[in-house]
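K.L.:
Have a look; sequence and predicted model below, questions after that.
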Amino acid sequence: GKLVIGYTVYEPMNYTDADGNFTGFDTELATAVCEKLGVEPEFVEINWDSKIMELQAQTIDCIWNGFTMTGREDEYTFSKPYVDNSIVYVVRADSDIQTEADLAGKHVITQAGSSALSALQDESKADVVNSFASLDEIADYNTAFMNLEAGTNDAIAVDIGVAQYQLTTKADKFRMLEEPLSTEQYAIGFKKGNEELRDQVQATLDEMAEDGTLAEIAAKYKDYNLDQMLCLGK
């Protein structure tokens, strides 16, 4: 009669707003799925380091919390990915840069403290970053895109949702490189082997992607670019 959902506070996925209401994209999405399944959602805040043990002990039924599936496929039974949070490079539309290798000797910019910066700081990217003429950090992506347009920088490392938003409004000025800097997708995590519950939830999610409900919920969080980051059904 209920679906027990493990989460940690992570805005905009699961959080308490200024009015004291527990909300978020994943919170609303899970609640809508439960309504269609005819069960009650029960949200349980968990210790993130103990998440796999919580599932194995069956104190929770799933983890629905902006949960990155990339690299964890052998540990959990996952739904299909529904949000793409890959990190990409954006360059000017007329740039001759086509691949990451072409960024050698170029001035790259990203937002300070961002997931894109973390991706660039990963040990696997050391040779790439060392080939840049510079890696600049800036307070916000809006300024980074102004710098790119003005020619101050040659490329931006950025979350795909932010990139897609900019390309939607300024497709004649910017383009995204085909190969992502890093790949990260969000999915719902279930106990390994629990395909039965996964399949029930997935079937409902697929219906919501098809009838537009998923997009309607994401549109409420367009300030976070979640409407641009949906990948289920696309």
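P.N.:
Arrived safely. Numbering: from 1, shown residues only.

K.L.:
Stretch 217-225 - what's its average pLDDT?
P.N.:
Per-residue pLDDT over stretch 217-225 has a mean of 92.

K.L.:
And stretch 26-44, by the same measure?
P.N.:
Stretch 26-44 carries an average pLDDT of 98.

K.L.:
Show me which residues of it are buried.
P.N.:
Of all the residues in stretch 26-44, those buried under the rule 16 or more other CB atoms under 10 Å are 26-34, 41, 43. C-beta coordinates here come from the backbone N, C-alpha and C atoms, glycine included.

K.L.:
between those residues, which is nearest residue 145?
P.N.:
Nearest to residue 145 among the buried residues of stretch 26-44: residue 26, at 27.9 Å, using CB to CB.

K.L.:
quick one: contacts for the closest one?
P.N.:
Shown in contact with residue 26 (CB atoms under 8 Å, 6 or more residues apart in numbering): 7, 13-14, 64-66.

K.L.:
Make a markdown table out of the buried residues of stretch 26-44 and add secondary structure and distance to residue 217.
P.N.:
Below are the buried residues of stretch 26-44 laid out as a markdown table (DSSP: H, G, I helix; E, B strand; the rest coil; distance: CB to CB, whole Å):
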| residue | secondary structure | distance to residue 217 |
| --- | --- | --- |
| 26 | helix | 10 |
| 27 | helix | 10 |
| 28 | helix | 5 |
| 29 | helix | 5 |
| 30 | helix | 10 |
| 31 | helix | 9 |
| 32 | helix | 7 |
| 33 | helix | 10 |
| 34 | helix | 13 |
| 41 | strand | 14 |
| 43 | strand | 16 |
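
K.L.:
Would you check how far apart residue 172 and residue 75 are?
P.N.:
Distance, residue 172 to residue 75, using CB to CB, to the nearest Å: 44 Å.

K.L.:
of those two, who's got more company?
P.N.:
It is residue 75, of residue 172 and residue 75, that has more neighbours when counted by other CB atoms under 10 Å, with 13 against 8.

K.L.:
From residue 118, how far off is that one?
P.N.:
Here the distance between residue 75 and residue 118 works out to 21 Å (CB to CB).

K.L.:
on that earlier part again, identify, from the contacts of residue 26, the entry nearest to residue 218.
P.N.:
Using CB to CB, residue 13 comes nearest to residue 218 of the contacts of residue 26, at 11.7 Å.

K.L.:
The closest one: neighbouring residues, count only.
P.N.:
Residue 13: 25 neighbours (other CB under 10 Å).

K.L.:
Now find how far off-centre the helix or strand of the chain with the lowest mean pLDDT is within its chain.
P.N.:
One helix or strand of the chain scores below all others by mean pLDDT, DSSP states H and E: helix 160-169, with a mean of 88. Centre-to-centre, helix 160-169 and its host chain are 13 Å apart (CA atoms, centre = their mean, to the nearest Å).

K.L.:
got the CA coordinates for that helix in CSV?
P.N.:
Extracted C-alpha coordinates of helix 160-169, given in CSV (Å, rounded to 0.1, in the frame of the first residue of the first chain):
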residue,chain,number,x,y,z
ILE,A,160,24.0,19.9,-20.7
GLY,A,161,20.8,21.4,-19.4
VAL,A,162,22.3,24.9,-19.3
ALA,A,163,23.9,24.3,-22.8
GLN,A,164,20.6,23.2,-24.3
TYR,A,165,18.8,26.3,-22.9
GLN,A,166,21.4,28.6,-24.5
LEU,A,167,21.3,26.7,-27.8
THR,A,168,17.5,27.0,-27.8
THR,A,169,17.6,30.8,-27.5
